[in-house]
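*Asks:* Could you work out the structure for the sequence below:
(2 chains)
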Amino acid sequence: MTAALIVKDLHKVYKGGFQALKGISFEVQQGDFMALLGPNGAGKSTTIGIVSSLVNKTSGTVEIMGVDIDKDFSLAKKSVGVVPQEFNFNQFEKVIDIVRTQAGFFGIEKVQAEERAEKYLKLLSLWDKKDEVSRNLSGGMKRRLMIARAMVHEPELLILDEPTAGVDIELRRSMWGFLVELNKQGTTIILTTHYLEEAEQLCRNIAIINDGEIVENTDMKSLLRKLDSETFVLDVANELTELPLVEGVVLRLIDSHTLEVDLKKDQSLNPVFQQLGLNSVDVKSMRNKTNRLEELFVGIVEGAADK
Amino acid sequence: MEIQKQFVALETIVVKEVRRFSRIWIQTLLPPAITVALYFVIFGNLVGSRIGEMGGFDYMKFIVPGLIMMSVITNSYSNVVSSFFSTKYQRSIEELLVSPTPNYIILIGYVLGGVARGLSVGFIVTCMSLGFAELHIHNWLVMISIVFLTSVVFSLAGFINAVFAKSFDDISIVPTFILTPLTYLGGIFYSLKMLPEFWYNVSLANPIVYMVNGFRYGILGVTDVSLWLTYGMIFLFIVVFYSWALFLLNRGAGIRS
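*Replies:* Okay, here's the model as predicted:
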């Protein structure tokens, strides 16, 4: 099967000499849900800009659904839907007009454009706002509008550049549900986000870009297996005045009802619970101190910066 | 992109443009109507009645074609320059750039939007002029072709201005400092034959002179310059401006990093 996206040795030098991309290469298979992560200014948006024709590349090749953008960008564009980071629709137009107009730009006839606009505005819970002028929408609604607009030509590859930035948790979860369903139906999705929990939950593969270079490109499970140790937070029922004695692990008393325990990858939690039980410590609940992907991400990016 | 789909994309851009200037008709259609009505009252009626004849016609009748043309020129230009610059400014141009719509369709779409506004204003002004002067069209074909092609020229010019513009100041510099003087000195209010030889020859370097006179010929049947030269000049401008605008779009000037 043809890859949804193949990026080879992609370079971008902006006017003024800033080198945003230093020869990145990666592939995204059809049906994949991939996270493209990196700190601010790493080159994520430049990469997305090149794939969606908003940024001219300096050198390298990009193939979308087997079509080289240098040979037939017009054909390649039909397969791509882009949800940019910034709001980029006419703030004075009605919601329905924005979506219908985008369908028209893709050559979709009026009747079908109407049907598609209705379908995606309903799926994204915006149908009741269809006659609203877009500038009157809330931030979350504007983000959903951009997704509806990007989906109206039903692309095989959907690229979302921080789609949930500034969106409340309830809305974020409903957007996750929408994206997962879309991916199940066969749409390949590339997601950039600063919410690493989001990337961990949704994405099967991951590429981390830092300072214009790909520093990690693997599947999510393999990446998470690289984590050497994890820190767990234990909420305890009884009031603790001193640190309970637990052998073989590093334990910290954070406050009278909270403990933190560092556990290496090959260590089990069972002995910790047993020893805490012997000390009459009643553990009510447990959670990871930080998101696992976040720990890895910080390590990878800092490691790359130290090189 | 298949031809049929290109047509849909073109129609979409034109409809979007017409919807835009219709939605803000108080800013786009009303002001030129009021301005030209004042010209008719002051220059045509009050001052014009003391001037007498110009080019063999009542002064009011003489200035009507020029005033219609002035409205068409300024509105075609300002529609495209403000609309395309706004899409750049709001970044909604990205909606078009990510689509498979070819660049020449984008260009033609915006130009037709400018033509639509230019001709709409021209139509309004023409209707208003009927209240001040009786017009008998000398040559419909010349009148319609000249006004249409002139509108295309200035829509293309507006597009080029918008591509280069980096701020709202940049979209008003050309209309204020180039377009308005050339229009006022383009033979709207006087016949070139009134001018001393030196200024007559200088005026011939002003392309608007040809457009105004060509249009005046279509309505009144009189012109200070050759009609063929008028058509030649207009077609030359269309070819040069179209090629330039398309070259800029293909390069992504001002719209792609």
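
*Asks:* switch to C-alpha atoms for all contacts and neighbour counts from now on
*Replies:* OK.

*Asks:* Give me the contacts around the helix or strand in which residue A:111 is found.
*Replies:* Using DSSP states H and E, residue A:111 falls within helix A:110-123. For helix A:110-123, contacts defined as CA atoms under 8 Å, 6 or more residues apart in numbering or on different chains pick out A:96, A:99-100, A:103-104, A:127, A:130, A:145, A:148-149, A:151-153, A:178.

*Asks:* How about stretch B:26-42?
*Replies:* B:21-22, B:48, B:60, B:64, B:67, B:71, B:75, B:117, B:120-121, B:124-125, B:128-129, B:132.

*Asks:* Same question for stretch B:108-126.
*Replies:* Counting by CA under 8 Å, 6+ apart, B:10-11, B:13-15, B:17-18, B:21, B:29, B:32-33, B:36-37, B:64, B:68-69, B:71-80, B:84, B:147-148, B:151-152, B:155-156, B:159 sit against stretch B:108-126.

*Asks:* how about the residues of the stretch 51-200 of chain B that lie near chain A?
*Replies:* Within reach of chain A by CA under 8 Å from any CA of the partner chain, the stretch 51-200 of chain B has these residues: B:87, B:90-92, B:94-102.

*Asks:* Dump those residues into TSV; add secondary structure, neighbour count and pLDDT as well.
*Replies:* Below are these laid out as TSV (DSSP: H, G, I helix; E, B strand; the rest coil; neighbours: other CA atoms under 10 Å in any protein chain shown; pLDDT from 0 to 100):
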residue	secondary structure	neighbour count	pLDDT
B:87	helix	19	92
B:90	coil	16	88
B:91	coil	16	89
B:92	coil	18	90
B:94	helix	20	90
B:95	helix	21	91
B:96	helix	20	92
B:97	helix	20	91
B:98	coil	24	91
B:99	coil	29	93
B:100	coil	24	93
B:101	coil	25	93
B:102	coil	19	93
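
*Asks:* Minimum distance to chain B, which residue of the stretch 151-300 of chain A gives it?
*Replies:* Closest to chain B within the stretch 151-300 of chain A is residue A:153: 9.6 Å, counting by CA to the nearest CA.

*Asks:* Find the residue closest to that residue in space, skipping its chain neighbours.
*Replies:* Among residues not flanking residue A:153 along the chain, residue A:103 sits closest, at 6.0 Å (CA to CA, 6 or more residues apart in numbering or on different chains).

*Asks:* did I read that right, the one you found in a helix?
*Replies:* Yes: under DSSP: H, G, I helix; E, B strand; the rest coil, residue A:103 falls within a helix.

*Asks:* give me the number of residues near residue 112?
*Replies:* You didn't say which chain, so I picked chain A. Residue A:112 has 15 neighbours, counted by other CA atoms under 10 Å in any protein chain shown.

*Asks:* meant chain B, my bad for not saying
*Replies:* Counted by other CA under 10 Å, the residues lying close to residue B:112 total 25.

*Asks:* Retrieve the pLDDT associated with it.
*Replies:* Looking at residue B:112, its pLDDT is 97.

*Asks:* Report pLDDT for the closest residue in space to residue A:272 that isn't next to it in sequence.
*Replies:* Leaving aside its chain neighbours, residue A:272 sits nearest to residue A:246 (6.6 Å; criterion: CA to CA, 6+ apart). Note on residue A:246: pLDDT of 82.

*Asks:* ok, residue A:246 touching residue A:277?
*Replies:* No: assessed by CA atoms under 8 Å, residue A:246 is found out of contact with residue A:277, at 10.2 Å.

*Asks:* ok, and the closest non-adjacent residue to residue B:69?
*Replies:* residue B:212 (6.2 Å).

*Asks:* and the one you found, what element?
*Replies:* Going by DSSP H and E, residue B:212 is in helix B:207-220.

*Asks:* picking up where we left off before, for the contacts of helix A:110-123, give me a markdown table that also has pLDDT, distance to residue A:261 and neighbour count.
*Replies:* Below are those laid out as a markdown table (pLDDT from 0 to 100; distance: CA to CA, whole Å; neighbours: other CA atoms under 10 Å in any protein chain shown):
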| residue | pLDDT | distance to residue A:261 | neighbour count |
| --- | --- | --- | --- |
| A:96 | 95 | 53 | 22 |
| A:99 | 96 | 51 | 28 |
| A:100 | 95 | 55 | 24 |
| A:103 | 95 | 54 | 28 |
| A:104 | 95 | 57 | 28 |
| A:127 | 93 | 49 | 17 |
| A:130 | 92 | 51 | 20 |
| A:145 | 93 | 44 | 28 |
| A:148 | 94 | 45 | 29 |
| A:149 | 95 | 47 | 28 |
| A:151 | 94 | 45 | 26 |
| A:152 | 94 | 49 | 27 |
| A:153 | 94 | 50 | 25 |
| A:178 | 88 | 36 | 14 |
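
*Asks:* now, the most widely separated pair of those?
*Replies:* Maximum pairwise distance among those (CA to CA): 24.0 Å, between A:104 and A:178.

*Asks:* give me the low-pLDDT residue ranges for the stretch 201-307 of chain A?
*Replies:* Counting by pLDDT under 70, the low-confidence segments of the stretch 201-307 of chain A come to A:227-228, A:290-292, A:295-296, A:303-307.

*Asks:* Show me the strands in it, by range?
*Replies:* Here the stretch 201-307 of chain A has its strands, by DSSP state E, counting those that start in this stretch, at A:205-210, A:213-219, A:229-236, A:250-255, A:258-264, A:283-288.

*Asks:* which one of those strands is the most hemmed in?
*Replies:* strand A:205-210 (a mean of 23; mean count of other CA atoms under 10 Å in any protein chain shown).

*Asks:* Parallel or antiparallel, list what pairs with that one.
*Replies:* strand A:33-37 (parallel), strand A:213-219 (antiparallel) (DSSP bridges).

*Asks:* so how far is residue B:151 from residue B:218?
*Replies:* 15 Å (CA to CA, to the nearest Å).

*Asks:* between those two, which one's more packed in?
*Replies:* It is residue B:151, of residue B:218 and residue B:151, that has more neighbours when counted by other CA under 10 Å, with 31 against 25.

*Asks:* Touching, the more buried one and residue B:74? I think so.
*Replies:* No: the pair residue B:151 / residue B:74 is not scored as a contact, 9.0 Å apart, by CA under 8 Å.

*Asks:* who does the helix holding residue B:212 touch, helix- and strand-wise?
*Replies:* With contacts defined as 3 or more CA pairs under 8 Å, 6 or more residues apart in numbering or on different chains; DSSP states H and E, helix B:207-220 has these neighbours: helix B:59-89, helix B:140-164, helix B:180-184, helix B:227-251.
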